[in-house]
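Asker: Sharing a model prediction with you, sequence too.
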There are 2 protein chains.
Amino acid sequence: MAGTDAKTPRERYRTQVRAEIKELAWEQIATTGASALSLNAIAKRMGMSGPALYRYYAGRDELITELVRDAYRSLADTLRSASAAGADLAVLAHTLRAWALEDPQRYLLIYGTPVPGYHAPDDITLISSETMAILLDACAALPSDGPATPFDAHLADHRDWADGHPAPPAVLHRALSFWTRLHGVLSLELAGHFTGMGFDPALLFAAELDDLLTVMDR
Amino acid sequence: MAGTDAKTPRERYRTQVRAEIKELAWEQIATTGASALSLNAIAKRMGMSGPALYRYYAGRDELITELVRDAYRSLADTLRSASAAGADLAVLAHTLRAWALEDPQRYLLIYGTPVPGYHAPDDITLISSETMAILLDACAALPSDGPATPFDAHLADHRDWADGHPAPPAVLHRALSFWTRLHGVLSLELAGHFTGMGFDPALLFAAELDDLLTVMDR
DNA sequence: AAGATTCCGTTAGAGGGTATCACGAACCGT
DNA sequence: ACGGTTCGTGATACCCTCTAACGGAATCTT
């Protein structure tokens, strides 16, 4: 939080109110979901009347965009600090799951159903590519002696998203598989599709991760 | 559609209007997403004023529930007819993907972000278990000579969701993997998380499916 | 065929949401 | 102390869901 404490008291107050709005927004989102986020309700909880919030956020969309940005940032930071502490892919996976379970709606805000019209600003895409870079690094740490698949060949020519990362196509493929598979288990768990089925989602996650790692090691 | 044509003209009219409402609802959902579905907008497109729709649906929730039901039913029917035509797991997977791409919002209506408060009626859970049964059948068709994993052992004691299906735990595990992995790729594709990355989502899907099948075959 | 009943669609209205606008008040730097 | 900036407010327009009361049409009953 480098730029939080501003020079003038006015700006101090402003950023503090913006932070309080976001905090209440997260609270509300955690219980009612992002689609039911209401500026009005936040304003009333802050003791002021509706339109006042428009001094701080141009509208609902801008607030949600800010929340999405923070969510991406939080995920990237969490994974990076784990990675910096020497986490391998397995630890990274459990870090991801812990982050998701900590606030399911925050995960779903990023990876859940998007609003058809909405398009995220460029800086958000940038933060999300940070996460991808961390993943690529972790995937590159494994030995890569598997057979090249057709999709690997395709990736050799379509690797713009790797953003200059020097990993070979097989590593890119690994990172994608890591992402999509863990998201598959996680999102279904968070969406409640496993409730009532009886088994422990954590064990399914572990099994998927295990399978993922043994395949990568061959 | 056995009960569609009712006896009395009144019921005929009623069911026809209900169908028209649903049709417009699907149109609207396809473009604006489920969260933005508006009874008012549907009514105006039908040339009548808002509250009239409440003669046909008790409210927005009931309409959406009906849409969810129809979506589950459509998926189950699609997979069953494919299965009846002799489709193996690979064909089933591509059938699933085709069904999802045909109307992304329909897929997301089922497997996307849920509204925290909402709980689906029991009959919907039943239809979804039909889909699971089809999957289990297809998974049981493969030879099962892999090593038993810890999760397999867990499934042996937590298999209520299989609803009496005589498949061994390893097959249950396969079905779950099939479901979660394909959902992982599909949902990210439908949510647009691959746009701008450059590669072809269809190839990633194919690669994931290939990996899934070779692992299952061992 | 005529009356009774049921059902349909309308308007009116409560309550909540987003968002804009103009106005008074508080604040801050000068 | 003064003047410009910023803040919070109420009023307003326009969405939405949903309920209630009313007139009219279609259906059922006798």
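Answerer: Nice, thanks for sending it over.

Asker: From here on, just use CA atoms for contacts and neighbour counts.
Answerer: Fine.

Asker: Please identify the buried residues of stretch A:61-79?
Answerer: A:63-65, A:67-73, A:75-76, A:78-79 (16 or more other Cα atoms under 10 Å in any protein chain shown).

Asker: now do stretch A:121-129
Answerer: Those buried within stretch A:121-129 under the rule 16+ other Cα under 10 Å are A:Ile124, A:Ile127, A:Ser128, A:Ser129.

Asker: could you give the mean pLDDT of stretch A:7-22?
Answerer: Here stretch A:7-22 scores 91 as its mean pLDDT.

Asker: do it and DNA strand D meet at all?
Answerer: Yes - using Cα under 7 Å from any atom of the strand, stretch A:7-22 comes into contact with DNA strand D via A:Arg10, A:Glu11, A:Arg14.

Asker: How far does that stretch sit from its chain's centre?
Answerer: 26 Å (Cα atoms, centre = their mean, to the nearest Å).

Asker: and if you look at stretch A:134-149?
Answerer: For stretch A:134-149, the distance to the chain centre is 22 Å (Cα atoms, centre = their mean).

Asker: What average pLDDT does it get?
Answerer: Stretch A:134-149 comes out at a mean pLDDT of 89.

Asker: residues making contact with that stretch?
Answerer: Outside stretch A:134-149, the residues that touch it by Cα atoms under 8 Å, 6 or more residues apart in numbering or on different chains are A:79-80, A:83, A:88-89, A:165, A:167, A:170-172, A:174-175, A:216-218, B:207.

Asker: for chain B, what are the nearby residues on chain A?
Answerer: Proximity of chain A to chain B (Cα under 8 Å from any Cα of the partner chain) is limited to residues A:31-33, A:35, A:108, A:111-117, A:149-151, A:154-155, A:158-161, A:177, A:180-185, A:187-188, A:191, A:196-199, A:203-204, A:207-208.

Asker: Which ones, among these, also lie beside DNA strand D?
Answerer: The subset of the residues of chain A next to chain B within reach of DNA strand D, by Cα under 7 Å from any atom of the strand, is empty.

Asker: Buried only: go through these for me.
Answerer: A:32-33, A:108, A:111-114, A:116, A:151, A:154-155, A:159, A:161, A:177, A:180-185, A:187-188, A:191, A:199, A:204, A:207-208.

Asker: tell me which of the contacts of stretch A:134-149 is nearest to B:Arg18?
Answerer: B:Ala207 (42.2 Å; Cα to Cα).

Asker: which residue packs closest to that closest one, ignoring adjacent ones?
Answerer: Computed as Cα to Cα, 6 or more residues apart in numbering or on different chains, the closest residue to B:Ala207 that is not its neighbour in sequence is A:Phe151, at 6.2 Å.

Asker: and the one you found, how far is that from A:His173?
Answerer: Distance from A:Phe151 to A:His173, counting by Cα to Cα, to the nearest Å: 8 Å.

Asker: Who wins on neighbours among the residues of stretch A:7-22 next to DNA strand D?
Answerer: A:Arg14 (15 neighbours; other Cα atoms under 10 Å in any protein chain shown).

Asker: got the buried residues for stretch A:89-96?
Answerer: Result for stretch A:89-96 [16+ other Cα under 10 Å]: buried residues A:Leu89, A:Leu92, A:Ala93, A:His94, A:Thr95, A:Leu96.

Asker: Contacts for the helix or strand hosting the second one, please.
Answerer: Going back to what we said before, that points to A:Leu92. Element membership for A:Leu92, per DSSP states H and E: helix A:89-102. Contact with helix A:89-102 is made by A:75, A:78-79, A:82-83, A:106-107, A:135, A:138-139, A:182, A:186, A:190, A:209, A:213, as judged by Cα under 8 Å, 6+ apart.

Asker: mind redoing it with 7 Å?
Answerer: By Cα atoms under 7 Å, 6 or more residues apart in numbering or on different chains, the residues outside helix A:89-102 that reach it are A:Leu79, A:Ala82, A:Tyr107, A:Ala138, A:Cys139.

Asker: List only buried entries from those.
Answerer: A:Leu79, A:Ala82, A:Tyr107, A:Ala138, A:Cys139.

Asker: name the element the second one belongs to?
Answerer: Okay, so that is A:Ala82. Since the elements are taken from DSSP H and E, A:Ala82 ends up inside helix A:60-84.

Asker: picking up where we left off before, can I get the buried residues of stretch A:121-129 in TSV including pLDDT and secondary structure?
Answerer: Output for the buried residues of stretch A:121-129, formatted as TSV (pLDDT from 0 to 100; DSSP: H, G, I helix; E, B strand; the rest coil):
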residue	pLDDT	secondary structure
A:Ile124	97	helix
A:Ile127	97	helix
A:Ser128	97	helix
A:Ser129	96	helix
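
Asker: quick one: which of the residues you listed is nearest A:Pro51?
Answerer: A:Ile124 (27.3 Å).

Asker: Excluding sequence neighbours, find me the nearest residue to the closest one.
Answerer: In space, A:Ile124 is closest to A:Arg69, 5.8 Å off (Cα to Cα, 6+ apart).

Asker: Just the local confidence number for the one you found, please.
Answerer: Predicted confidence (pLDDT) for A:Arg69: 98.

Asker: One more: A:Leu53?
Answerer: According to the model, A:Leu53 scores 98 on pLDDT.

Asker: swap in A:Met1?
Answerer: So A:Met1 comes in at 43 (pLDDT).

Asker: and if you look at A:Asp217?
Answerer: 73.

Asker: check contacts around it.
Answerer: Taking Cα under 7 Å, 6+ apart as the test, what A:Asp217 contacts is A:Pro143.
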